[in-house]
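Chemist: Build me a model from this:
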Amino acid sequence: MLVIGRKPGEYVVINENIIVKVVKSDEGHLRLAIDAPKHISIVRGELVEAEKSASSN
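Modeler: Residues are numbered from 1 along each chain as shown. Below you'll find the predicted structure:
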């Protein structure tokens with residue numbers, strides 16, 4: 001896992017075709033913009049965990 005600090009307006013590029021940009025950062029709240037090809041699924045972590053939890057019951 002890579003952990004880096006970014007300021008609003010800064011971004012990281014993953015595999016040359018996914019851009020994760022910090023849009024806003026306030027008092028512990030962070031907003032990200034993710035630009036990726038349509039065939040790549042982007043799912044919030046809590047939804048993945050809920051699905052794992054539901055399938056194990």
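Chemist: would you say residue 5 is within a helix?
Modeler: No - with the criterion set as DSSP: H, G, I helix; E, B strand; the rest coil, the secondary structure at residue 5 is coil rather than a helix.
Chemist: That one and residue 29, how far apart?
Modeler: Taken as Cβ to Cβ, to the nearest Å, the spacing of residue 5 relative to residue 29 amounts to 16 Å. The C-beta positions use only the backbone N, C-alpha and C, and glycine is treated the same way.
Chemist: likewise residue 56?
Modeler: Residue 56 is 31 Å from residue 29, by Cβ to Cβ.
Chemist: and if you look at residue 37?
Modeler: The spacing between residue 37 and residue 29, counted by Cβ to Cβ, is 28 Å.
Chemist: and what of residue 47?
Modeler: For residue 47, the distance to residue 29 equals 19 Å [Cβ to Cβ].
Chemist: can you pull out the helices in this structure?
Modeler: Assigned by DSSP state H, the helices in the chain fall at 45-56.
Chemist: could you point out the longest strand in it?
Modeler: With secondary structure taken from DSSP state E, the chain has its longest strand at strand 18-26.
Chemist: Now do the buried residues in that one.
Modeler: Neighbour-count burial for strand 18-26, counted by 16 or more other Cβ atoms under 10 Å, picks out 20-22.
Chemist: could those go into a markdown table alongside distance to residue 33?
Modeler: Listed next are the buried residues of strand 18-26 as a markdown table, based on distance: Cβ to Cβ, whole Å:
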| residue | distance to residue 33 |
| --- | --- |
| 20 | 8 |
| 21 | 5 |
| 22 | 8 |
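Chemist: Among those residues, which one lies nearest to residue 41?
Modeler: residue 20 (14.9 Å; Cβ to Cβ).
Chemist: doesn't residue 32 make contact with the closest one?
Modeler: Yes - if you go by Cβ atoms under 8 Å, residue 20 and residue 32 touch, sitting 5.8 Å apart.
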